[in-house]
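[1] Let me see the structure of the following:
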Amino acid sequence: MSINFTELRQKMVDNQIRTVDVTSFSVLSAFLTVPREEFVPQNAKELSYIDENIIITPAKSNEAARYLMSPAALARLVQLADISKDDFVLDIGAGTGYGSAILSHLANAVIALESNCSLIQIATRAFAAANCENITFVRDVLTKGCEVQAPYDVILIEGSADFIPKILFKQLCEGGRLVVVEGCGNAGKACLYIRKDDVVSKWHNFNLAIKPLPGFLKKEEFTF
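    Numbering: from 1, shown residues only. Have a look, this model is predicted:
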């Protein structure tokens, strides 16, 4: 029996995203348009529209697991970024590209920054299937951002962080916004940074628990 992904996509928007106070028409439209199933690993297609994080690369001895953020959490962060059709966006930790695809429907252009080769391959195929033409993939260290393409109107970090590298704030244009979840688990809080007159201001918004993004976690230190 075939799965009706279009129907599941509508239910995702109605039952998951709208219920967490995401009211922006453009954001809701983007989530209704982008086929999430194209950005999910083949063995998890049936889970494409569940209201949970989905593993996209398992943990290895030297690498933490990577996740596709739950739709509702991503929608809240995207709405917080307040993206317009003129904006140039940097998506850090793009993974399989779903967040970048959503952003591409809201912005003028998107730089999808990712360090994992296998995820980039999945995303490249997914972008073609989803007809995303205003996204450029860049492979590099996530914490470095993408200085060569800067400045950006919006930077979105797709995972929780213990710290924000200062180099990322320098890649924001005047009036640029950086959206990130700081803190882990239920202590996580969605934060909005805005750069104005070379000063970066921070606003705490709502509590949000999402999976951490490797590279943005403080290393444990030995203490006596």
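[2] Nearest residue to the middle of this structure?
    E158 (3.5 Å; CA atoms, centre = their mean).
[3] For the closest residue to L208 other than its chain neighbours, list each beta-bridge partner.
    Nearest residue to L208 in three dimensions, chain neighbours excluded: A190, at 4.8 Å (CB to CB, 6 or more residues apart in numbering). Placement of C-beta: from N, CA and C, glycine included. Bridge pairing for A190 (DSSP bridges) gives the partners V181.
[4] roughly how far apart are A190 and E63?
    A190 sits 26 Å away from E63, going by CB to CB, to the nearest Å.
[5] With neighbour numbers in mind, choose between the two.
    Set side by side, A190 and E63 show more neighbours around A190, with 21 against 11, by other CB atoms under 10 Å.
[6] for this structure, where's the lowest mean pLDDT among helices and strands?
    Taking mean pLDDT, DSSP states H and E as the measure, the helices and strands of the chain show their lowest mean at helix 117-129, namely a mean of 92.
[7] where's it relative to the chain centroid, distance-wise?
    Remark: helix 117-129 is offset 15 Å from the chain centroid, using CA atoms, centre = their mean, to the nearest Å.
[8] Parallel or antiparallel, which strands does the helix or strand that it is followed by pair with?
    Sequence-wise, the next helix or strand downstream of helix 117-129 (DSSP states H and E) is strand 135-139. Using DSSP bridges, strand 135-139 pairs in its sheet with strand 109-114 (parallel).
[9] what's the angle from the partner strand to helix 117-129?
    Calculated by axes from the mean of the first three to the mean of the last three CA atoms, to 10 degrees, strand 109-114 forms an angle of 150 degrees with helix 117-129.
[10] Need the residues that contact strand 109-114.
    88-95, 97, 100, 103-104, 120, 123, 134-140, 142, 145-146, 149, 152 (CB atoms under 8 Å, 6 or more residues apart in numbering).
[11] Check those for burial and list the buried ones.
    88-95, 97, 100, 103-104, 120, 123, 135, 137-138, 142, 145-146, 152 (16 or more other CB atoms under 10 Å).
[12] Give me the distance between the residue nearest to L208 and P71.
    15 Å.
[13] ok, now S29?
    Taking CB to CB, one finds S29 at 14 Å from P71.
[14] Comparing the two, which shows the higher neighbour count?
    A direct count of neighbours by other CB under 10 Å for S29 and P71 places P71 higher, at 24 against 13.
[15] Now do the contacts for that one.
    Contacts of P71 (CB under 8 Å, 6+ apart): M12, Q16, I17, F31, R36, Y49, D51.
[16] From what I see, E52 and A72 are in contact.
    No: look at E52 against A72 with CB atoms under 8 Å: they stay out of range, at 9.8 Å.
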